[in-house]
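>>> the following block contains a protein sequence and its predicted model.
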Amino acid sequence: MTRSPRYSAVAIALHWAIAFGLLFMIWLGWNMDGKESWFQFHKSVGITILILTVARIVWRLMNPPPTAPTDLKPWENKASHAVHIGFYALMVIMPLTGWLTVSISYDFDIPTVIFGLVSWPDIPGVGFLSNEIGYGIISNIHSKLAYVLFALLALHVAGALKHEFGPEEGVLKRMLPGLFGKTGKPALPPHGFLVAFGAAIAVFALIAFVPKLFSAPAGPQANGGGAPEASDTSLQPNWAVDYDQSSIVFTFTHDGQTYEGRFGDWNADIEFYEDDLATSEVLVTVNTGSAETPKKLYNDSLKSAEWFGVSSFPEATVHLSGFEKTADGYTAEATVAIKENEVTVPFNFTLDEEGGATVMTGNTSLERKPLDLGQKSDASAAYVSEAVNIDVRVTASPDG
């Protein structure tokens, strides 16, 4: 007796991976409110499903599925075909509408970082939908597609069970070989693995990496630890900074955890006289795009418009003046300008001699709200601390 051919191993693996992925995504989507890490994971899995779908479509085109059982009625054959088309459409539309939803988010714009490793861009050219009405329509479509999936799944399972336990030849064994009877090998030798998954990888790379090759860097280029380009200032600097031994570090909390970041590219023009504090002055220019934290998601978020907005405001400045001697060292007024906002805070520091150089160690604290940092997604500081601590270490020697 001739056994019914089964699906290929690749088709079976993709079928179940995408099926369980979609069901998991629906559960995750219904339970991720207020859980930022779950939201990121939801987006990561969604993009993964989209990429796997590319592989599955190419594989199916190169490896036709087993023919339908000959004892199916014509209407059953058409219904089965329609359900399969519906599934393939959903495998594309559900991730795409999710991607579109995050691309047009107008009040809670968090960058997408695939599994914390790869930055994923927004869909270009959809800014006209970035409003309450557009976002509401697209996000509603995305969420309601879950019910379409459940309807198709019910039809799919009902049809498979009918054929399995009815008079027709069973089909479950084709996708679950060994569990519902024996099957024969695929009708034709499977081929095209490299083509199918190569196409999927190519699509991923085109979206994730190629746009970066043609985008200009936001702000001055980091110079690997050497001194950045000098600022345009009327100061007459009398100190030479050793940038390899200097740092600007910021500390904040997110979701109850403390994190530390630093700026990799900055310039300090220092005109400082210990015996003439009244005429002393310092101007620090910081490339905000050089901010680095332990998480890529935070790095991408800091570059976005609601944080540093590096595409429009590549630099922040700190102007130190009003120096005074204190019992513990020195203090100055630090005027911090970020984007179009400016605040003045006290900056306390000490001076010490180390290895023939002078080391300045200082600190201050900045509030996010006056500087309009993260005020769309977290104005109430429910996730990110309102206060950000700044610790500065500058190693310098007299210049001239």
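Nice, I can see it. Numbers count the residues shown, from 1 in each chain.

>>> let me see the ranges of the helices in this structure.
Listed in chain order, the helices of the chain (DSSP state H) span 9-31, 36-62, 74-103, 132-165, 172-175, 193-208, 210-213, 296-303.

>>> relative to the whole chain's centre, how far out is the longest one?
The one in question is helix 132-165. Offset of helix 132-165 from its chain centre (Cα atoms, centre = their mean, to the nearest Å): 27 Å.

>>> give the rounded mean pLDDT of that helix.
Helix 132-165 carries an average pLDDT of 89.

>>> now swap in the fifth one and tell me
Confidence over helix 172-175 (mean pLDDT, whole number) is 71.

>>> give me the low-pLDDT residue ranges for the protein?
1-4, 68-72, 163-171, 173, 177-184, 187, 213-233, 400 (pLDDT under 70).

>>> re earlier: okay, the helices of the chain in a markdown table with mean neighbour count and distance to residue 370 next?
From N, CA and C alone the C-beta is placed, and that goes for glycine too. What follows is the helices of the chain, written out as a markdown table (neighbours: other Cβ atoms under 10 Å; distance: least, Cβ to Cβ, whole Å):
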| stretch | mean neighbour count | distance to residue 370 |
| --- | --- | --- |
| helix 9-31 | 16 | 36 |
| helix 36-62 | 19 | 24 |
| helix 74-103 | 17 | 29 |
| helix 132-165 | 15 | 27 |
| helix 172-175 | 19 | 60 |
| helix 193-208 | 15 | 36 |
| helix 210-213 | 10 | 33 |
| helix 296-303 | 19 | 17 |
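
>>> TSV for the ones you listed, including distance to residue 255?
Shown next, in TSV, are the helices of the chain (distance: least, Cβ to Cβ, whole Å):
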stretch	distance to residue 255
helix 9-31	17
helix 36-62	7
helix 74-103	19
helix 132-165	23
helix 172-175	41
helix 193-208	26
helix 210-213	28
helix 296-303	11
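
>>> any idea what sits nearest residue 246, other than its immediate chain neighbours?
The shortest distance from residue 246 to any non-neighbouring residue, by Cβ to Cβ, 6 or more residues apart in numbering, is to residue 394 (4.7 Å).

>>> quick check, that neighbour in contact with residue 359.
Yes: contact criterion Cβ atoms under 8 Å: residue 394 and residue 359 qualify, at 7.2 Å.

>>> of these two, who's got more company?
Neighbour comparison, residue 394 and residue 359: the larger count goes to residue 394, with 24 against 17 (by other Cβ atoms under 10 Å).

>>> now do the contacts for that one.
Contacts here follow Cβ atoms under 8 Å, 6 or more residues apart in numbering; on that basis residue 394 touches 241, 246, 268, 270, 359-360.

>>> neighbours of the closest residue to residue 343 other than its chain neighbours, how many?
Leaving aside its sequence neighbours, residue 343 sits nearest to residue 370 (Cβ to Cβ, 6+ apart; 4.9 Å). Close neighbours of residue 370, defined as other Cβ under 10 Å, add up to 13.

>>> and residue 370, how far from residue 206?
Separation of residue 370 from residue 206 (Cβ to Cβ, to the nearest Å): 41 Å.

>>> just residue 53 next, same as before
Applying Cβ to Cβ, the value for residue 53 to residue 206 is 15 Å.

>>> repeat for residue 35
31 Å.

>>> can you check residue 90 too?
The separation that residue 90 has from residue 206, given Cβ to Cβ, amounts to 23 Å.

>>> over to residue 149?
27 Å.

>>> same deal with residue 54?
To residue 206, residue 54 is 11 Å away according to Cβ to Cβ.

>>> again, but for residue 77
Computed with Cβ to Cβ, the distance linking residue 77 and residue 206 is 37 Å.

>>> same check, this time on residue 260
Taking Cβ to Cβ, one finds residue 260 at 35 Å from residue 206.

>>> and for residue 92?
16 Å.

>>> same deal with residue 10?
23 Å.

>>> isn't residue 40 right up against residue 111?
No: counting by Cβ under 8 Å, residue 111 is not a contact partner of residue 40; they are 9.2 Å apart.

>>> touching both of these two, which residues are there?
Residues touching both residue 40 and residue 111 by Cβ under 8 Å, 6+ apart: residue 297.

>>> quick one: distance of the longest strand that the chain contains to the chain centre.
Of all the elements of type strand in the chain, the one with the most residues (DSSP state E) is strand 341-354. Centroid displacement of strand 341-354 relative to its chain, using Cα atoms, centre = their mean, is 33 Å.

>>> for residue 111, give me its contacts.
Residue 111 neighbours (Cβ under 8 Å, 6+ apart): 119-120, 297, 300-301, 304.

>>> just residue 8 next, same as before
Neighbouring residues of residue 8 by Cβ under 8 Å, 6+ apart: 59, 63, 186, 190.

>>> most neighbours among those residues, please name it.
Ranked by neighbour count (other Cβ under 10 Å), those have residue 59 at the top, with 23 neighbours.

>>> how near is the residue nearest to it when sequence neighbours are not counted to residue 51?
Closest residue to residue 59 apart from its sequence neighbours, by Cβ to Cβ, 6+ apart: residue 196 at 4.2 Å. Separation of residue 196 from residue 51 (Cβ to Cβ) stands at 11 Å.
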